[in-house]
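Undergrad: Quick one, what's the 3D model for this:
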Amino acid sequence: MTEVLFYHLQNMTLESVLPPLLEKSLERGWRVVVQSTSPERTETLDAHLWTYTDDSFLPHATWRGGDAADQPIILSVEEGNPNGANVRFLIDSAALPADCDSYERLVLVFNGDDPDAVAAARENWTACKARGFEVTYWQADERGRWQRRQ
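TA: Predicted structure coming up:
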């Protein structure tokens, strides 16, 4: 059964939150697709994932790369699963993919300061519950640690 995690960003950026979540996915041996809603956003994330720390990088490519099937992380604006990912991250209010039940985990990261993003997350929560997915809601505490909320 697909597990769906909703990550509610407040007072933090996607650029600060996404790399550690991707690192944890790779540590578990998962392959990942990160879907945004624009090529520009994907290009910005592509550059960021190579340089977000001085001592590390996340091996990845964009969906445009000819070697997408070989990459542990693919950044995309399209549906599809070019690298056989177990986990799909949806950012910038990207729509639930038609094949969402084929993933072990979906991770929806949304900006809690954007009313439209919050509304989209609520709609997705309802849709995922209706499909019988196990859904959880995560919010960072005052120290920036993720806490499961009820």
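Undergrad: Any idea which residue is closest to the centre of the chain?
TA: Ranked by distance to the mean C-alpha position of the chain (CA atoms, centre = their mean), the top residue is F89 at 2.1 Å.
Undergrad: was I right about that one contacting L18?
TA: Yes - with contact defined as CB atoms under 8 Å, F89 reaches L18; the gap is 7.3 Å. Every C-beta, even on glycine, is put in place using the N, C-alpha and C of the backbone.
Undergrad: Could you tell me which residues touch both of these two?
TA: Counting by CB atoms under 8 Å, 6 or more residues apart in numbering, the contacts common to F89 and L18 are V34, V109.
Undergrad: for the chain, what's the longest helix?
TA: Looking across the chain with DSSP state H, the single longest helix is helix 115-130.
Undergrad: Tell me which residues of it come out buried.
TA: Using 16 or more other CB atoms under 10 Å as the burial criterion, the residues of helix 115-130 that qualify are A117, A120, A121, N124, W125, C128.
Undergrad: what's the closest of those residues to R105?
TA: R105 lies nearest to C128 out of the buried residues of helix 115-130, by CB to CB, at 11.6 Å.
Undergrad: got the residue ranges for the helices in this structure?
TA: Along the chain, the stretches classed as helices by DSSP H are 14-27, 39-51, 115-130.
Undergrad: mean confidence for the last one?
TA: To tie it back to what came earlier, the one meant is helix 115-130. Confidence over helix 115-130, taken as the mean pLDDT, stands at 96.
Undergrad: That helix - contacts with which helices or strands?
TA: In this structure, helix 115-130 packs against strand 3-9, strand 105-111, strand 134-140, with contacts taken as 3 or more CB pairs under 8 Å, 6 or more residues apart in numbering; DSSP states H and E.
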